[in-house]
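In: just the structure for this:
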Amino acid sequence: MYFTGVRFSLYEKFLRKLRFIITKRNAKKECLNFIKKNNPKKILIMNSSAYAIGMFKQRSHHFAELLAPYFDLVLYRSLADANILNWQKNIWLTKWIPDVKFKNAQVYYYITSVNSYPYKKIKKLVKSGYKLIYDYMDQMSEDLVSTKNTRLLWKNLTKLKPHLCIASSDKLFNDLKTTHPKVNKILAKNGVTAQHFAIEKDYNKIPQDIKNIVDLNKPIVGYWGYFGTWIDIELLNKAAKMRPDYSFVYIGKNFNSKVDKLELLPNVYILGRKDYSILPKYGACFDCAVIPFKLGEIAKATSPVKLFEYMALKKPVVCTKDLKECYNYTGVLIAQDHDDFINKLDEAIKISKDENIKNELLRQAQMESWDEKVSPIVKKLNLEEIYDK
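Out: Predicted structure coming up:
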């Protein structure tokens, strides 16, 4: 019986591997046929956080949208069911990221510091003429992604002679300058499409799951994003216990199985992942928002996209002290420790009705637009000249 069970297990494993090979082969064939049919001269390949329906819009998604006008075709790595699927205009989602040489096309290849794509393949692509764009968007850490391939790519970055290296925060830019002083580099922090979030709360348009919380008539402390080891769950639990008259609303996806350590107190509500298109309707219901990162290198290196999204909603924000990129904004309060964080929640809720502060939060968000962040990248890559030709 044991022998039979082992044989069956091996057979199932073989079938899964075979299905994977066939699926990958079909995706590759369909993608290559699509490219051949369209015959693009300028291609941007985005090998970044895979796109999935119903997810937040991340840095690389915004980059893809704003860089797309300078290319004939943008291919973005995807978790969609279809092998190749139109996302918008000339941006196509694909299950298979091209790793072959194109004779008649100029290819730019975007990859991030937390992408574990095989280093040998990247090296091969660069040798075949791909123009590498390396986005140092997050601190490499075991809490995020730190594989052999991500470390090899970082170690050998100068040897690969990337067309451009981008850093998302002051700390990461300084790392680039220190470790790889010869590479072509630029600081491009995260931003926001302010007009997407600059809405007022309309009770008739509030999604039902948060409308039930609004109807409790308590101040709402909100957060959206991933829940990973870098989030201070202990702090969130303490805050909910110390402020039972506040509702704590969490929107997002579990990363590394840490959200299950959130204590489900009567005033804690976990609403799950929400699509980018409807996030503003949820955020408009917040009285204040939080970015509760643990102290450490991840926090010091992070430029939180959600900071500017909260600001565009005119919501005061409470942050933990190692989030250096959150300093020096009106309406953004920096907490020195757990007790101070809880006191800062009181302060944030108090100022949430101040029209001057609300307007200043929006003004600051508008100064951090994605267009302004991407414009220097376009210039550094000489895309305007290429586009004009």
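
In: which stretches of the chain have low pLDDT?
Out: Along the chain, segments meeting pLDDT under 70 span 1-11, 13-22, 141-146, 255-260, 385-389.

In: let's see it at 80
Out: Scanning the chain for pLDDT under 80 picks out 1-24, 49-55, 80, 116, 140-147, 253-260, 384-389.

In: and it, what are its domains?
Out: 16-191+370-388, 194-366 (automatic domain parsing).

In: so can I have a markdown table of those domains showing mean neighbour count?
Out: Placement of C-beta: from N, CA and C, glycine included. Listed next are the domains of the chain as a markdown table, based on neighbours: other C-beta atoms under 10 Å:
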| stretch | mean neighbour count |
| --- | --- |
| domain 16-191+370-388 | 17 |
| domain 194-366 | 18 |
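
In: give me phi/psi at Asn368?
Out: Let me fix one detail, which is that residue 368 is Glu and not Asn. With angles defined as degrees, to the nearest 10, Glu368 sits at phi -110, psi 40.

In: same check on the one 3 residues further on?
Out: Listed backbone geometry of Asp371 is phi -60, psi -40, with angles given as degrees, to the nearest 10.

In: for Leu307, see how far away it is.
Out: According to C-beta to C-beta, to the nearest Å, Asp371 stands 18 Å off from Leu307.

In: again with Ala68
Out: Distance of Ala68 to Leu307, computed by C-beta to C-beta: 25 Å.

In: how about Thr147?
Out: From Thr147 across to Leu307, the span is 28 Å (C-beta to C-beta).

In: show me the beta-bridge partners of Phe227.
Out: Asn254 (DSSP bridges).

In: could you shift the numbering so residue one becomes 25, and keep it that way?
Out: Okay, using 25 as the starting number, the last item reads as Phe251.

In: ok, it touching Ile275?
Out: No - using C-beta atoms under 8 Å, Phe251 makes no contact with Ile275, being 10.1 Å away.

In: for Phe365, which residues are in contact?
Out: Leu259, Ala263, Val314, Pro316, Val342, Thr344, Ala359 (C-beta atoms under 8 Å, 6 or more residues apart in numbering).

In: excluding its backbone neighbours, what's nearest the fourth one?
Out: In other words, Pro316. On the basis of C-beta to C-beta, 6 or more residues apart in numbering, the spatially nearest residue to Pro316 that is not a chain neighbour turns out to be Asp256, at 4.8 Å.

In: and what of the second one?
Out: By the measure of C-beta to C-beta, 6+ apart, the closest residue to Ala263 outside its immediate chain neighbours is Ile366, 5.2 Å from it.

In: tell me who's in contact with that neighbour.
Out: Ile366 neighbours (C-beta under 8 Å, 6+ apart): Lys262, Ala263, Met266, Arg267.

In: now do 7 Å
Out: By C-beta atoms under 7 Å, 6 or more residues apart in numbering, the contact list for Ile366 reads Ala263, Met266, Arg267.

In: just the ones of these in strands?
Out: Using DSSP state E, no member of those falls within strands.

In: now render these as TSV, adding distance to Lys144.
Out: Formatted as TSV, the contacts of Ile366 follow (distance: C-beta to C-beta, whole Å):
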residue	distance to Lys144
Ala263	47
Met266	52
Arg267	52
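
In: of all those residues, which comes closest to Met70?
Out: When these are ranked by distance to Met70 (C-beta to C-beta), Ala263 comes first, at 37.2 Å.
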